[in-house]
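> please find the sequence and the predicted model below.
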Amino acid sequence: MSTAKKAANLTVRADLLEEARARKINLSQTLENALAAELKKRREAEWLEQNKAAIEAYNREIAEHGLWSDGLRQF
């Protein structure tokens, strides 16, 4: 997915910046990847929290009544 880029001013520990530059690490791409991973993790946590009651209710229903396919299992 390609979206518009926007400049951002950041501060980074000097030693990390020097080593990253020495190793030719693309700082913009690395930050984008790290942000995308962190945002995904937080969205998942938010979704779980928002749906906690429904998940618990579903799990209680399954624990009490089982799955519709329980009689079909061959293992």
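Now that the structure is in, tell me what you want to look at.
> for the chain, just list every one of the strands.
For the chain, no strands are identified by DSSP state E.
> what packs against the longest helix seen in it?
Counting residues, the longest helix in the chain under DSSP state H turns out to be helix 27-50. Here helix 27-50 touches helix 14-22, going by 3 or more CB pairs under 8 Å, 6 or more residues apart in numbering; DSSP states H and E. No exception for glycine: its C-beta is placed from N, CA and C like everyone else's.
> number of nearby residues for the spatially closest residue to residue 48 that is not a sequence neighbour?
Once flanking residues are discounted, residue 48 sits nearest to residue 55: 7.4 Å by CB to CB, 6 or more residues apart in numbering. Residues lying near residue 55 (other CB atoms under 10 Å) number 10.
> contacts for the longest helix of the chain?
Helix 27-50 is contacted from outside by 5, 10, 12, 17, 20, 55, using CB atoms under 8 Å, 6 or more residues apart in numbering.
> between the residues you listed, which is nearest residue 74?
Distance to residue 74 across the contacts of helix 27-50 (CB to CB) is lowest for residue 55, with 28.2 Å.
> what separation is there between the closest one and residue 62?
To residue 62, residue 55 is 11 Å away according to CB to CB, to the nearest Å.
> what of residue 37?
For residue 37, the distance to residue 62 equals 31 Å [CB to CB].
> and which of the contacts of helix 27-50 is nearest to residue 67?
Distance ranking of the contacts of helix 27-50 against residue 67, using CB to CB, places residue 55 first at 15.6 Å.
> pLDDT value on that closest one, please?
pLDDT recorded at residue 55 is 98.
> please apply the same query to residue 51.
So residue 51 comes in at 98 (pLDDT).
> okay, stretch 19-30 in PDB with CA atoms only?
What follows is stretch 19-30 as a C-alpha-only set of coordinates in PDB (Å, rounded to 0.1, in the frame of the first residue of the first chain):
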ATOM      1  CA  GLU A  19      25.600   2.800  14.300                       C
ATOM      2  CA  ALA A  20      22.500   2.700  12.100                       C
ATOM      3  CA  ARG A  21      24.100   5.100   9.600                       C
ATOM      4  CA  ALA A  22      27.400   3.000   9.600                       C
ATOM      5  CA  ARG A  23      25.300  -0.100   8.800                       C
ATOM      6  CA  LYS A  24      23.400   1.800   6.100                       C
ATOM      7  CA  ILE A  25      20.000   1.200   7.800                       C
ATOM      8  CA  ASN A  26      17.100   3.100   6.200                       C
ATOM      9  CA  LEU A  27      15.800   5.100   9.200                       C
ATOM     10  CA  SER A  28      12.500   6.000   7.600                       C
ATOM     11  CA  GLN A  29      11.700   2.500   6.500                       C
ATOM     12  CA  THR A  30      12.800   1.100   9.900                       C
END
